[in-house]
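Enquirer: sequence below, structure please.
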Amino acid sequence: MLRGIRKTSENWLGRTVMGVVMSVLAGSFAIWGINDIFRGFGRSSLAKIGDSEIPVEQFRQTYQDRMQQIGRQLGRPLTPEQARGLDRQVLGEMIVQTGLDQRARKMGLGLSDTDVARHITSDPKLQTANGQFDKAKFDFILRDLGYSEQRFVAE
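Expert: Numbering: from 1, shown residues only. Okay, the predicted model is just below:
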């Protein structure tokens, strides 16, 4: 095949025809073949709400957490049939939450770090019988939920 192309390209007509063929081939790759690179192939976010985005990894983690939570409630892992539609529900909730968070930031609403810490330490589920904050119980709940302390505070 290469010999045929080389032999055809020896005169000016063959060079012109081969130039047109190669241009069409290269143009088709430019338009259809590598267009995904410029259109967001491998995007790292599922949705964009105003200035905020929902990263794929955050969605994956939230979805897995929800499946585990439902599995714990049922006492057994969720089957694929039972989980049908859960992905859309989780994404919808994340979109709503992201929109609300963004709106709250624009309105200047929020809690300071000390308020968040006070709220966590005053939670009756995290206190001993005498009303003191129980760090061991807090750590146990975090492990059970599969959260880190930073993620729990952020949530």
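
Enquirer: quick one: the strands in the protein, in order.
Expert: With DSSP state E as the criterion, the chain has strands at 45-49, 52-55.

Enquirer: looking at those strands, which is closest to Asp144?
Expert: strand 52-55 (24.8 Å; CB to CB). Glycine gets a C-beta too; all of them are placed from N, C-alpha and C.

Enquirer: contact partners of the closest one?
Expert: Ser44, Ser45, Leu46, Ala47, Lys48, Leu91, Met94, Ile95, Thr98, Asp101, Gln102 (CB atoms under 8 Å, 6 or more residues apart in numbering).

Enquirer: repeat that for stretch 115-125.
Expert: Everything outside stretch 115-125 that qualifies as a contact, by CB under 8 Å, 6+ apart, is Leu111, Leu126, Phe133, Lys137, Phe138, Ile141, Phe152, Val153.

Enquirer: just the helices in the chain please.
Expert: Using DSSP state H, the helices of the chain run over 2-8, 12-28, 35-39, 56-74, 86-107, 113-121, 135-145, 149-154.

Enquirer: and the first one, average pLDDT?
Expert: Read that as helix 2-8. Mean per-residue pLDDT for helix 2-8: 78.

Enquirer: mind putting the helices of the chain in CSV, distance to Pro80 and mean neighbour count included?
Expert: Below are the helices of the chain laid out as CSV (distance: least, CB to CB, whole Å; neighbours: other CB atoms under 10 Å):
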stretch, distance to Pro80, mean neighbour count
helix 2-8, 51, 10
helix 12-28, 39, 11
helix 35-39, 29, 9
helix 56-74, 10, 14
helix 86-107, 10, 13
helix 113-121, 36, 12
helix 135-145, 23, 13
helix 149-154, 27, 11
